Every structure is written in C-alpha cells, then in structure tokens.
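In: Sequence first, then the predicted structure, then my questions.
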Amino acid sequence: MRYLFPLLFLLSFALLLLPGCEPKADIVTTDSSARLEFSQDTVLFDTVFVRTGTATRRLWVYNRNPRAVRVEQITLGNPGTSPYRLLVGGDTGPSINNVEIKGRDSLLVLVRATIDPTPGDAKPFIIADELQFRTNGNDQQIALVAYGQNAHFYNGETLPCNTVWTNDKPHVLYNSVLVDSACTLTIQPGTRVYSHAGSILIVAGTLRVNPDFQPGSDSVGANSASIVRFAGDRLEPFYDNIPGQWAGIQFLASSHDNVVRYAEIKNAAYGLLLFNYRNRLPRPAVRVENTMIRNISGQSISFASATQTLPTGAGVLSLSGDVDMRNCLITNCGEYAVLGTGGGTFTFDYCTIANYRGNFNRSTESLTLSNEAPSTAAKGPYPLRLVMRNSIVWGSLRDELLLVNGAQYQQVVVQNSLLQTERYRAAASTATMLGFGNSGNVLNQDPKFRRTPNVYPNRFDYRLAAESPASNKAVPLPNLPRDLLNAPRDPRTPDMGAYERVAP
C-alpha cells in the first residue's frame, strides 16, 4: 500500500500531460509551412449567361494542419471591376479578412458571378479573375472562369457517335473531348471551336472539318465566314497571337479518314498530332486542304492517353502517321512547323512553310522528318516517303529542312520548290547524300513575301512580290487549279507556295 499512493500520483500527472501531446485545434499557428488546400484549382461558371446571368459556385478550403490558421485575406484579383462576389460565413463582398479555420477543418467559400446575358453584349468571351488567399505570409490563388456569351460546352466527355457541330453558337472545350473509335465528328462551315487552357480534342475515330464546303469560283479570304476556326478561349486582343493556349487536335492510332479543309488552327501547343508511337498499321492519316496553322509552341507536352511525354511542339507533329497537305500555310512555330518521326508518308503540294524567329529562340529546322522510332516502345527504322511539289520552305535559319537518314527513305521527291538549305544544295543524290539543286528547285533565294513577321509582327502576308524567284516556277497539278484563297492558278506557269500571285 505504501507504493500505491506514489503510483497513483504518477499516473495522474501523466494524464495531465496527455492533452499537451496533441496540439489544440483552435490554437492558431503562425508557421509559414501551414498552407491551405482546395477542392479544385479553377472555379468554372459555364452557363452564367445562358440562364439568368447570375450563378453561384462552391469552393472548399481545407486546413490539413493540426492547429488552426488565420486566413488574413480572401480577395478577388480585381476587386473594383470584377463581376464576382464572395460569401464567407455570412460576410459578403469582394474581400473578406481574418477568417479562422480550425485544425483539420474546412471552410466553404461561395463565389457568385453576375454577367449580363443581353444579346449582342460585347463582353470578352471569357471573363477571368482569381481568388487570392494570404495565410502566414503565403499567397495562393484559385482561378475564376466564366464565359460571356452563349455556347455549346463540352467538359471531359466522349461525344455521341456521328456528332455534327454547327455554326449556330461557339463550341467550347474544357479538359479533353473524345471522338470515340468507329465514330465521326463533322464540323460545318463557319463553326468556331474555342478551347480552355490545356484542353485537347482527341480523335480515336474520324474528324471531318468542312468536308463538303465548295466555294465555287469565289475567293475565300482570311476573314471568310466559311472558315472553321480553332483557337484558345481568351478572346481579348492581348491573346490574339499568344501560342500554347490550348493543347491541339490529337489523332490516335485508331483514327482514320480524317479531313481538315478551309480551317484555321492557331495559338496551340501543336496544331495536328498523329499519335501512333508503336507504329500500328494502318497508320492514322489526315488530309489537310486550304488550311492555315499558326502561332504554335509547346514544351514538355504530356497526354493522358499515353505514358509518353513529348518535349516539343509543332504545327504538324506526326509519330508514325500519314500526312497529306495541299494549299496550306504553316507559320510562326516556336519549335517545328512539321516534325515527323517513326516513318510515314508525307505529301506537300503548293504549301508554304514560313517560319521566322519572331519571339522564339528557335534552333530546329522547320521541316524535320525521320525514319527512326519515335519512342523506346517501338523498333525502327520505319518506311518513310516524302513527296513535295510546288512548295516553299523558308525561315530565319541557315537550314530549314532536315531529313534524318534521308538516303534510307523509300521515296524522296522534291520538285519545283523553293528551299532554305545548305545541307541539300548539291545537284544530285547518291547513296549517302541527298541533294535538291535540280528538278526545278530554287535554293537559298529569298522568296520575297509581301510582309514577314520580322518587319510586320503579326501582320504577315505570304503572298509573293512581283520579283519573287518563286513566281511562275511551279508546274501545274491538274487536281489543284486554285490556291489557298481559292484564287485560280496560272494554268501553265503557276507560282510556288500556297498563294498564287495577283497584281497588287
């Protein structure tokens, strides 16, 4: 018994100490490592203007720390002009201060957007702001995104088979949108397709853009209402020519019979991607006609549909695919205009690849092809065929053309084309060397475009001046009597490139 009292005393003392082992959830910590977590990184309002003009979305804010934190400020990035308002615990406004979140607890933030849905309203297509949180010196942001006009919305979904997109309203892509195998997406003349940051149109089946459009004898100018346009969803003037705003259009190995006609694809990480890195046969194929691809750049692109990360962007990026381009312009690409690896068939008739440095520190040849395997999951080399006729490949580098292992290709035909190349300036080909100094080609002579980005940023004009060495140097192709703008070509001595020269 004489030891019982001391033992009880020790146990009681230990019990008194136990609550101190676990920090109290209502004691506020000022440790800078105590950061917040959120239920999402973007609060999206995709139907504000379609309904009543006002909508509310929820954002959960989590404190994973054992102690409480004091959020010094929750505020909008543009509190004076933003269409958004906050509601936190009964307080409302553009800014809420000194909100405590207990340890391992959460906070509900309600964000309300009010946008006038009046027809004809000239608000930007996308109205963006951000929600800013400051906690113990840490600044964290959540994007707020609302669309300012009526549209069709697609968010991480698979389209029904045989879907047709019309031009009645814009089509907005958020995350990935899939055209399933054995299914077709048809896009009619004049349709606008806008993609949110990082969004991608994935085609496992068939994509048909403007397949039946016949302009007759009319010219189809750059601003024609019949052109199908793909771009990012930021339509403020600042974003008009910013590359990498969305991912691009990706054709999977199962994709087939794709047609892209009278279209503009701009401001993406890549324009068209044929993704068949295991060299599955038959290869995915796309025919591209009277189309402009511009303002393209991407770095460390990764795709949910593959375990592969691509280190580059391109106007046309082919991994074991077949590409047939006619009357096309590819310009202002940060890495490549066309990059084809893993073999395939590449045809360029009356195409202009004009790639100037502009805002890019570009060091890669605009047109690069290789028969080597595009990944370690495949074994090369693979058959590769190149046919280029009546085209222009020009840019700011000494060499804008690279054919890796070109002497091994099954076919190389380059005729009546103007090329920027020191590598292939020889007049004949041998078993170890290719040369394009014959067959009607013009080498290393400035094509004399009317306006180039070096002199007129974002106001380029790749039609030829009267004194151009590419003028009247092509050969007629019976199936292509008209140019990119549907202007008639000279039936006897047409011009090289996508545009037939007309008198100014």
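Out: Received it, and whenever you're ready, just let me know what you need. Numbering: from 1, shown residues only.
In: Let's verify Phe238: helix, strand, or coil?
Out: Look at Phe238: counting by DSSP: H, G, I helix; E, B strand; the rest coil, its state is helix.
In: Count the residues that sit near it.
Out: Phe238: 8 surrounding residues under other C-beta atoms under 10 Å. C-beta: built from backbone N, CA, C; applies to glycine.
In: Then Gln188?
Out: Gln188, neighbours per other C-beta under 10 Å, totals 18.
In: per-residue pLDDT, it?
Out: At Gln188, the pLDDT value in this model is 98.
In: Around the nearest residue to it once chain neighbours are set aside, how many other residues sit close by?
Out: For Gln188, ignoring the flanking residues on the chain, the nearest one in space by C-beta to C-beta, 6 or more residues apart in numbering is Thr166 at 5.2 Å. Counted with other C-beta under 10 Å, residues neighbouring Thr166 total 13.
In: got it, and Gln445?
Out: Other residues within reach of Gln445, judged by other C-beta under 10 Å, total 13.
In: host element of it?
Out: Gln445 is part of no helix or strand, with elements assigned from DSSP states H and E.
In: right, and it touches Glu467 too?
Out: No. In this structure, Gln445 is not within contact of Glu467 by C-beta atoms under 8 Å, at 10.8 Å.
In: Going by neighbour count, list what's buried in stretch 143-160.
Out: Of the residues in stretch 143-160, Leu144, Val145, Ala146, Tyr147, Gly148, Gln149, Ala151, Phe153, Tyr154, Leu159 count as buried by neighbour count, 16 or more other C-beta atoms under 10 Å.
In: Oops, could you answer that again for stretch 351-368 instead?
Out: Judged by neighbour count using 16+ other C-beta under 10 Å, the buried positions of stretch 351-368 are 351-356, 358-359, 362, 364-368.
In: swap in stretch 441-455?
Out: Asn441, Val442, Leu443, Pro447, Phe449, Thr452, Pro453.
In: got a markdown table for the residues you listed, with secondary structure too?
Out: Shown next, in a markdown table, are the buried residues of stretch 441-455 (three-state DSSP):
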| residue | secondary structure |
| --- | --- |
| Asn441 | coil |
| Val442 | strand |
| Leu443 | strand |
| Pro447 | coil |
| Phe449 | strand |
| Thr452 | coil |
| Pro453 | coil |
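In: Can you redo these as JSON lines, where the extra columns are distance to Trp60 and pLDDT?
Out: Formatted as JSON lines, those follow (distance: C-beta to C-beta, whole Å; pLDDT from 0 to 100):
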{"residue": "Asn441", "distance to Trp60": "63", "pLDDT": "96"}
{"residue": "Val442", "distance to Trp60": "63", "pLDDT": "96"}
{"residue": "Leu443", "distance to Trp60": "63", "pLDDT": "96"}
{"residue": "Pro447", "distance to Trp60": "58", "pLDDT": "96"}
{"residue": "Phe449", "distance to Trp60": "54", "pLDDT": "94"}
{"residue": "Thr452", "distance to Trp60": "51", "pLDDT": "82"}
{"residue": "Pro453", "distance to Trp60": "46", "pLDDT": "74"}
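In: Break down the stretch 351-500 of the chain into its strands, ranges please.
Out: Taking DSSP state E, counting those that start in this stretch, the strands of the stretch 351-500 of the chain run over residues 352-355, 367-370, 384-389, 392-395, 401-404, 411-415, 418-419, 442-443, 449-451, 461-464.
In: So which of those strands is nearest Ile330?
Out: Judged by C-beta to C-beta, the one of these that comes nearest to Ile330 is strand 352-355, at 5.0 Å.
In: In PDB, list the C-alpha atoms belonging to the closest one.
Out: What follows is strand 352-355, C-alpha atoms only, in PDB (Å, rounded to 0.1, in the frame of the first residue of the first chain):
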ATOM      1  CA  THR A 352       4.200  27.400 -97.700                       C
ATOM      2  CA  ILE A 353       6.200  26.800 -94.600                       C
ATOM      3  CA  ALA A 354       7.400  30.200 -93.400                       C
ATOM      4  CA  ASN A 355       9.000  30.200 -90.000                       C
END
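In: what packs against it?
Out: On a contact count with 3 or more C-beta pairs under 8 Å, 6 or more residues apart in numbering; DSSP states H and E, strand 352-355 meets strand 329-333, strand 336-341, strand 392-395.
In: residues in contact with it?
Out: 328-333, 337-338, 362, 366-367, 391-396, 400, 449, 452, 460, 462, 497-499 (C-beta atoms under 8 Å, 6 or more residues apart in numbering).
In: Please report phi then psi for the closest residue to Gly343 other than its chain neighbours.
Out: In space, and not counting its chain neighbours, Gly343 is closest to Tyr382: 2.8 Å by C-beta to C-beta, 6+ apart. Tyr382 has phi and psi values of phi -120, psi 160 when expressed as degrees, to the nearest 10.
In: Wait, Tyr382 touches Gly342, no?
Out: Yes. The criterion here is C-beta under 8 Å, and Tyr382 meets it with Gly342 at 5.5 Å.
In: Same drill for those two, tell me which one is more crowded.
Out: Taking other C-beta under 10 Å, Tyr382 and Gly342 do not tie; Gly342 has more neighbours (25 against 19).
In: out of the helices and strands packed on strand 352-355, which comes closest to Ser224?
Out: Nearest to Ser224, of those and by C-beta to C-beta, is strand 329-333 at 14.4 Å.
In: chain center to that closest one: distance?
Out: 14 Å (C-alpha atoms, centre = their mean, to the nearest Å).
In: Sheet-wise, list the partners of it with their directions.
Out: When pairs are called by DSSP bridges, strand 329-333 turns out to pair with strand 285-296 (parallel), strand 352-355 (parallel).
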